[in-house]
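Asker: What follows is a predicted structure for the sequence shown.
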Number of protein chains: 2
Amino acid sequence: MSETTDFDIKDFLPYLLAQAAEQASVEFQHFYKTKYGMLRTEWRVLFHLGRYGDMTAKDICDRARLHKTKVSRAVSALQNKRFLTREQQEKDRRHETLCLTRAGLRAYADLSAEAQKFDRKMTDGFTAKEAEVLRRCLTRIAVL
Amino acid sequence: MSETTDFDIKDFLPYLLAQAAEQASVEFQHFYKTKYGMLRTEWRVLFHLGRYGDMTAKDICDRARLHKTKVSRAVSALQNKRFLTREQQEKDRRHETLCLTRAGLRAYADLSAEAQKFDRKMTDGFTAKEAEVLRRCLTRIAVL
DNA sequence: ACATATTAGTTGTTTTTGTAACTAACAAGC
DNA sequence: GCTTGTTAGTTACAAAAACAACTAATATGT
């Protein structure tokens, strides 16, 4: 405990990241949780399908960097909520294309709009330059 | 899906924050998990005691913004690992002062040093200005 | 053609978390 | 002094995440 001078926890980047991420997550989950009873993974799967078009569960795993079990369960949940349907591909029956239903598309449009609003509100407090640096640094740390 | 133009998921700050935090967490957990078999909350509790001195579980809850049940379990786990002891206060027997043992202090010194190294390595890729902006933005978002 | 390996996806089991209900100790009002 | 309220901390139970083992379909090597 001698040479380890004064290293405050608020100087520790992983801690700052965790706290900031947690705060943002808790605030935004209001929208998909209370309004649609969705879990975070469900919201992400919905977003991917809505934004990037129909794809298989595997595609979502790769793009969203989610584990296949998480996606599998999120897909089932979204299906139970009638937000998507599955279509088995003929040439390879292991693949199922996931398609948003009318209701799924509506939920996506709503939540996506809220997300944009939320994002704007978050960056509001910063200058354009700061927001740009923040995004760039985060993208780099996240190895996206 | 019409007016909701092109809002990429990588433009969504909560997503970026979650991915960056996850990445940092996974990388750093190597130290406390593989070396000491600790969970993240245990590492945080250990850090607080090592850095800010003996205190009660309640103090840690407040400082670290952790729920009391999480802290309670982390304290038990650290006690089982012989990293801390509890001392009931005489004037108020509800309070227990948590004290790191010799082994606990050693683990703290080690992990704290690793944390500093890790933090430096993380910010290495950025300019001083960028790192400063990043920390300031995160601190603000985390409402610390 | 057939054994072996891969791939997409699901299911089951174990950890970890979150939430609520609980105990024990103290404080305050009257 | 005794009811009521508050605080520190634990425990029990439910929700969610992590991990491993599994099925079914296809691909590959010989």
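Answerer: Nice, I can see it.
Asker: could you pull out the helices for chain A?
Answerer: Under the criterion DSSP state H, chain A contains helices at A:13-29, A:35-36, A:40-52, A:57-64, A:68-80, A:102-124, A:128-141.
Asker: which residues are contacting the last one?
Answerer: Where contact means C-beta atoms under 8 Å, 6 or more residues apart in numbering or on different chains, the residues beyond helix A:128-141 that reach it are A:17, A:123, A:126, B:10-11, B:13, B:16-17, B:19-20, B:23-24, B:122, B:125-126, B:129-131, B:133-134, B:136-138. In short, each C-beta sits where N, CA and C put it, glycine included.
Asker: what's the spacing between the closest residue to A:Val75 other than its chain neighbours and A:Glu22?
Answerer: Excluding the flanking residues, the one nearest A:Val75 by C-beta to C-beta, 6 or more residues apart in numbering or on different chains is A:Ala57, at 5.8 Å. Separation of A:Ala57 from A:Glu22 (C-beta to C-beta, to the nearest Å) stands at 27 Å.
Asker: Looking at those two now, which is surrounded by more residues?
Answerer: A:Ala57 (19 against 16; other C-beta atoms under 10 Å in any protein chain shown).
Asker: residues contacting the residue nearest to the spatial centre of chain A?
Answerer: Centrality entry for chain A: nearest residue to the mean C-alpha point is A:Arg44, 3.9 Å, by C-alpha atoms, centre = their mean. Contacts for A:Arg44 (C-beta under 8 Å, 6+ apart) come out as A:Ala64, A:Leu66, A:Ala74, B:Ile9, B:Tyr15.
Asker: Please repeat the previous calculation with a cut-off of 7 Å.
Answerer: Contacts here follow C-beta atoms under 7 Å, 6 or more residues apart in numbering or on different chains; on that basis A:Arg44 touches A:Ala64, A:Leu66.
Asker: and if you look at A:Ala115?
Answerer: Contact partners of A:Ala115, counting by C-beta under 7 Å, 6+ apart, are B:Phe7, B:Phe12.
Asker: One more: the one 3 residues further on?
Answerer: For A:Phe118, the contacting residues are A:Phe28, by C-beta under 7 Å, 6+ apart.
Asker: Find the nearest non-adjacent residue to A:Phe31, please.
Answerer: Spatial nearest neighbour of A:Phe31, excluding adjacent residues (C-beta to C-beta, 6+ apart): A:Glu114 at 4.8 Å.
Asker: now chain A, which segments are flagged as low pLDDT?
Answerer: Low-confidence segments of chain A (pLDDT under 70): A:1-5.
Asker: which parts of it sit against DNA strand C?
Answerer: Applying the criterion C-beta under 7 Å from any atom of the strand, the portion of chain A that neighbours DNA strand C consists of A:56-58, A:61, A:68-69, A:71-73, A:75-76, A:94-96.
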